[in-house]
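Undergrad: Sequence first, predicted model second:
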Amino acid sequence: PLPHTRTPVEANKSQTEMPSLLEKQIATIRTLAADVVQNANSGHPGAPMGMAVMAHLLWDEIMKYSPKNPKWMGRDRFVLSNGHSCALQYIMLHLTGYEDVQMGDLKKFRKLKSFCPGHPECHLSGGVEVSTGPLGQGISNAVGMAIAESHMAATYNKPGFDIFDNYTFVFTGDGCMQEGVASEACSLAGHLGLGKLIVLYDDNNITIDGDTTLSFTEDVGKRFEAYGWHVLEVKDANRDIDAIRAAITLAKQETSKPSFIKCRTVIGFGSTKQGTHGVHGSPLGDEDVKQVKEKFGFDSKETFVVPEDVLKAYRTKVEAGSKLEESWNSKFKAYEAKYPDLASEITRRIAGKLPEGWADKLPKYKPGEKAVATRSLSGKALNALANIMPELVGGSADLTPSNKTALACTVDYQKDTPHGRYMRFGVREHGMGAIGNGMQAYGGIVPFTATFLTFIEYMFPAVRLAALSGHKHLFIMTHDSIGVGEDGPTHQPVEQVNLVRCTPNVLMFRPADGNETSGSYKVAMEQDFTPSVFALSRQNLPQLEGSSIEAVAKGGYVLNDEKEPDVIFVATGSEVSGCVEAAKLMKQKVRIVSMPCAKLFDEQPLEYRREVLPFKIPIIAVEAAAAAGWYKYAHTTITMKTFGASGKGSDCIDYFGFSPKKIAAAATAWLEGTGKAYAAQGLSVAAQFEPASKRDLHYVHYEH
């Protein structure tokens, strides 16, 4: 039987003396950490020096990985949640033979164009699973990875064929433990019983401000016990490698709960400033670096030293990893012979390819069909795709009936039904977003996560990291405007649409009807490294003449036109139909431009943009959101200048000026007043001149 939770794990004292090579390996990690940060004159040396024994044990003995193929599917996953200590991860990747991190890269730590940036970025270096640094995100990503592993195993493993069978290991620290996102994710992890998730907590009692007694005195172990985790303690993780090993062994034996190992360390172990916040976020200083090297048996005059026997020992992991990979490949080949259809599906999913004919399954709509809220139309599109795309896995933050995200083709993902594809995230928006990113990072899954658009602000750090990292993640945000109605301004988005639009590498869709909703899903699913946000209405919207699935790919297009129009309305979402009706009330001839995705419109050739928004015609943007960003496309706006109000949705829409009658009146007044002055000056806008934009994760030319 396993010992009682929180039982301290200590090795037999006779086993704690380290062999000389082992001592030298750990000393190498510590001295390299000091050199890497000192050379950069920036960074965090303390945690890498304190966690050196933990890191050595994982990379030398515990984890399965293949340096020659960092994306090998059978590997264990490692997440450095305390991402400021990334010098440690880069050092381990270099020592064990990952080609993306050469010694020259360590010497360029935190310098422009370096493959060793100031915090881990997963799109740069093999062996970095997720981008971390914003504290709490990494451990939450790891929960998503553990969910993904259990789901893929339940879906595809067969007797004798454990194709998906890996652990997710996490290093985390006091900062992550204080961030709310970690609490959200770890609470759910305990509920789900993720037995292959093992967290090693660098319990060093130091943050940037000083000792944790300043602000953080809770019993973290008891907290994780309350979450339903298996909690262990190692009293001296700076020296007692046997105790850490024993704790990990016990963690692996506990299959019904995630494990949390409190590893008591001294930050900056070996420094004259060890145990203080002085080694947290600043280089040690030249003199301290010298004494560290002398203390650990290195020449104080030499820098970036890796003894030959140390490097030789670590580099055996290259061949060992290749053999592990070859064994897994042989198993998968045998699996493929017995289960060809399942193997083909796994291969397709891991490669990120979509099944043939998938886009044909998206619903199509005709003008005059029943008016439906785009949140409901989204639910139809999502379910149509989920029927043929098992990679679509996700859920809602306790808003399933409102978000319309329930999947009819599957059951809930729960501890006893890990094959299920619908997640009950609970009221945990931030954790949900970060978990979804981790699921995508694992491979073979396209996550979707849903809440009200107002509450995207709860989870926006995860949205931002999805964009930075290149995670294909569908953020389904309903209740997208003052049309929410009675819930009032606390629930009525105003600024959120523009927050998303101005974020690099995110597609913000605000569809106007059924075809545009289906078209938004089509474009989102075609992306390889871009997340998508859907802003969807609560209120019913008509199916529009002139809309199409294909038109969404242009970002903006002419919906309704007049020969030689006097004015152009450019609008999104629910305001498009409002503009169509407003045009019928105006004496001027009106062109209606629908712009479901401004970023896609920006990527179109200049000639196309000038065709849609031509010179010498007044352009009025209409959107029940803040005006920011619209003056790139329009000469004036009919937009929100304040927060909303509580009332019937249709009453709010009229009160704030978005009913057809109010739109027509405001447009006419501008055209007959200020608009004339604009016309006299030439009526040009930035979108008529700027070159086509481009989304690219590698916007910096990185070089070794």
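TA: Done, it's in. On a predicted model such as this, the values are computed, not experimentally measured, just so you know.

Undergrad: average pLDDT across stretch 161-180?
TA: Stretch 161-180 carries an average pLDDT of 98.

Undergrad: Could you give the separation of it from the chain centroid?
TA: Relative to the chain's own centre, stretch 161-180 is displaced by 15 Å; criterion: Cα atoms, centre = their mean, to the nearest Å.

Undergrad: end-to-end on it?
TA: 38 Å (Cα to Cα, to the nearest Å).

Undergrad: Which positions within that stretch qualify as buried?
TA: Using 16 or more other Cβ atoms under 10 Å as the test for burial, stretch 161-180 gives 161, 163-179. Yep, even glycine has a C-beta here, placed from its N, CA and C like the rest.

Undergrad: The residue nearest to Leu194 when sequence neighbours are not counted in helix, strand or coil?
TA: Spatial nearest neighbour of Leu194, excluding adjacent residues (Cβ to Cβ, 6 or more residues apart in numbering): Ala146 at 4.2 Å. Following DSSP: H, G, I helix; E, B strand; the rest coil, the label given to Ala146 is helix.

Undergrad: For the remainder of this discussion, apply numbering that starts at 38.
TA: Let's use 38 as the start, then, which means that last one is Ala183.

Undergrad: Quick one: residues contacting Ala183.
TA: By Cβ atoms under 8 Å, 6 or more residues apart in numbering, the residues touching Ala183 are Thr205, Ala226, Leu231, Lys233, Leu234, Pro295.

Undergrad: That one and Tyr204: what is the separation?
TA: 8 Å (Cβ to Cβ, to the nearest Å).

Undergrad: Spit out the residues that contact the two alike.
TA: Lys233, Leu234.

Undergrad: ok so, going back, just the pLDDT at the residue nearest to Leu231, thanks.
TA: pLDDT, Ala183: 99.

Undergrad: Chain neighbours aside, what residue packs nearest to the most centrally placed residue in the chain?
TA: Closest to where the C-alpha atoms of the chain average out (Cα atoms, centre = their mean) is Ala503, at 3.1 Å. In this structure, Ala503 finds its nearest non-sequential neighbour in Pro568, 4.1 Å apart by Cβ to Cβ, 6+ apart.

Undergrad: Next, the contact list for that neighbour, please.
TA: Pro568 touches Val500, Ala503, Ala504, His508, Lys509, His510, Leu511, Phe512, Asn542, Val543, Leu544, counting by Cβ under 8 Å, 6+ apart.

Undergrad: so which two of those residues are the farthest from each other?
TA: Largest separation among the contacts of Pro568 by Cβ to Cβ: Leu511 and Asn542, giving 14.6 Å.

Undergrad: Would you mind telling me which of those two has the busier surroundings?
TA: Of the pair Leu511 and Asn542, Leu511 is the one with more neighbours under other Cβ atoms under 10 Å, namely 27 against 20.

Undergrad: From Phe512, how far out is the closest residue to that one other than its chain neighbours?
TA: Among residues not flanking Leu511 along the chain, Phe485 sits closest, at 4.0 Å (Cβ to Cβ, 6+ apart). Here Phe485 is placed at a distance of 8 Å from Phe512 (Cβ to Cβ).

Undergrad: Endpoints of stretch 154-166, how far apart?
TA: Terminal residues of stretch 154-166 lie 14 Å apart, using Cα to Cα.

Undergrad: Likewise for stretch 226-241?
TA: 24 Å.

Undergrad: Buried ones in it, by neighbour count?
TA: 226-227, 229-241.

Undergrad: swap in stretch 452-466?
TA: Pro455, Gly457, Arg458, Tyr459, Met460, Arg461, Phe462, Gly463, Arg465, Glu466.

Undergrad: Dump these to TSV, plus secondary structure and distance to Ile304.
TA: Shown next, in TSV, are the buried residues of stretch 452-466 (DSSP: H, G, I helix; E, B strand; the rest coil; distance: Cβ to Cβ, whole Å):
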residue	secondary structure	distance to Ile304
Pro455	coil	38
Gly457	coil	42
Arg458	coil	42
Tyr459	strand	42
Met460	strand	36
Arg461	strand	38
Phe462	coil	34
Gly463	coil	34
Arg465	coil	30
Glu466	helix	32
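
Undergrad: now, which of those sits nearest Lys559?
TA: Nearest member of the buried residues of stretch 452-466 to Lys559, counting by Cβ to Cβ, is Arg458, at 20.5 Å.

Undergrad: which residues touch the closest one?
TA: His188, Ala423, Pro427, Leu429, Val430, Gly431, Leu444, Cys446, Thr447, Val448, Tyr450.

Undergrad: out of the residues you listed, which one sits closest to Thr353?
TA: Nearest member of those to Thr353, counting by Cβ to Cβ, is His188, at 33.5 Å.

Undergrad: which secondary structure element contains the closest one?
TA: helix 174-193 (DSSP states H and E).

Undergrad: For that helix, which residues meet the burial criterion?
TA: Buried, per 16+ other Cβ under 10 Å, within helix 174-193: 174-190, 192-193.

Undergrad: Quick one: mean pLDDT over stretch 404-413.
TA: 97.

Undergrad: For that stretch, buried residues please.
TA: Buried-residue list, stretch 404-413, by 16+ other Cβ under 10 Å: Val409, Ala410, Thr411, Arg412, Ser413.

Undergrad: Which of the residues you listed sits closest to Cys300?
TA: Arg412 (45.7 Å).

Undergrad: Please, where are all the helices along the stretch 588-737 of the chain?
TA: Secondary structure of the stretch 588-737 of the chain (DSSP state H, counting those that start in this stretch): helices at 611-621, 635-639, 643-649, 686-692, 697-708, 711-717.

Undergrad: which strands and helices sit next to the second one?
TA: Contact partners of helix 635-639 among helices and strands, from 3 or more Cβ pairs under 8 Å, 6 or more residues apart in numbering; DSSP states H and E: strand 544-546.

Undergrad: Provide the strand pairings for the strand it packs on, with the direction of each partner.
TA: Under the criterion DSSP bridges, strand 544-546 sits next to strand 569-573 (parallel) in its sheet.

Undergrad: Am I right that Leu361 is in a helix?
TA: Yes. Applying three-state DSSP, one finds Leu361 inside a helix.

Undergrad: could I get the buried residues of stretch 452-466 as a markdown table with distance to Leu95 and pLDDT?
TA: Shown next, in a markdown table, are those (distance: Cβ to Cβ, whole Å; pLDDT from 0 to 100):
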| residue | distance to Leu95 | pLDDT |
| --- | --- | --- |
| Pro455 | 25 | 98 |
| Gly457 | 31 | 98 |
| Arg458 | 31 | 98 |
| Tyr459 | 33 | 98 |
| Met460 | 29 | 98 |
| Arg461 | 32 | 98 |
| Phe462 | 29 | 98 |
| Gly463 | 31 | 98 |
| Arg465 | 29 | 98 |
| Glu466 | 32 | 98 |
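
Undergrad: can those go into a markdown table with extra columns for distance to Ala284?
TA: Shown next, in a markdown table, are the buried residues of stretch 452-466 (distance: Cβ to Cβ, whole Å):
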| residue | distance to Ala284 |
| --- | --- |
| Pro455 | 25 |
| Gly457 | 32 |
| Arg458 | 34 |
| Tyr459 | 35 |
| Met460 | 30 |
| Arg461 | 31 |
| Phe462 | 30 |
| Gly463 | 29 |
| Arg465 | 28 |
| Glu466 | 33 |
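
Undergrad: Among these, pick out the one closest to Pro154, please.
TA: Distances from Pro154 to the buried residues of stretch 452-466, taken by Cβ to Cβ, are shortest for Glu466, at 27.7 Å.

Undergrad: quick one: that closest one from Ile519, how far?
TA: 21 Å.
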